[in-house]
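A.B. asks: sequence and predicted model, in that order:
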Amino acid sequence: MGNDTEKLTKLHLQAFGLSNYTIKQLVKGLNTVSVQRGLKEYAAPALVASIEERLANPKIQTENRVKLQRVLTWLSGESNVIPVDFLKGLSPERRIEVLCTRLQELETEEKILTEETSRLLSQARKMVANK
């Protein structure tokens, strides 16, 4: 598993937009690994096998197929994000310089956002107090 998930609940599957019917079909033959806070947990490899078996059925609708594929992608740790080291070609000194500059920029942005947030909160408090 690419995302370090060993156990999943039906709630996890619902978060991907799977219907209750589809979830019931996926966990129908699976053994519960444990129960956490009243939710049955299923082994991720068993769910992967169940999802792959379900996807093998040609009668599965396209919308459900896409959702099931999304769950598989998440479980395998794949994504459309490709890690790239943009500083790879720079010397260590230059890397430090670039990162320090970026840090200063972010601190400036944070200060601006903090001030804006404070201003908005102050306005909100005044509006609430005037009501």
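C.D. replies: That came through, no problem.

A.B. asks: contact partners of stretch 58-68?
C.D. replies: Stretch 58-68 has contacts (C-beta atoms under 8 Å, 6 or more residues apart in numbering) with Phe16, Gly17, Leu18, Ser19, Thr22, Ile51, Arg54, Leu55. Bear in mind the C-beta positions are built from the backbone N, C-alpha and C, glycine included.

A.B. asks: below-threshold pLDDT in the protein: ranges please.
C.D. replies: Residue ranges of the chain with pLDDT under 70: 1-5, 79-84.

A.B. asks: show me the helices in it, by range?
C.D. replies: For the chain, applying DSSP state H gives helices covering 10-15, 20-27, 44-55, 62-76, 92-130.

A.B. asks: so which of those is nearest Val33?
C.D. replies: Of all those, helix 44-55 sits nearest to Val33, with 8.3 Å by C-beta to C-beta.

A.B. asks: just the CA trace of the closest one, in CSV.
C.D. replies: Output of helix 44-55 as CSV, limited to C-alpha atoms (Å, rounded to 0.1, in the frame of the first residue of the first chain):
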residue,chain,number,x,y,z
ALA,A,44,-7.0,-2.9,2.8
PRO,A,45,-5.5,-5.8,0.7
ALA,A,46,-8.8,-7.7,0.9
LEU,A,47,-10.7,-4.5,-0.1
VAL,A,48,-8.3,-4.0,-3.0
ALA,A,49,-9.0,-7.6,-4.2
SER,A,50,-12.8,-7.0,-3.8
ILE,A,51,-12.6,-3.8,-5.8
GLU,A,52,-10.6,-5.4,-8.5
GLU,A,53,-13.1,-8.2,-8.7
ARG,A,54,-16.0,-5.7,-8.9
LEU,A,55,-14.2,-3.8,-11.7
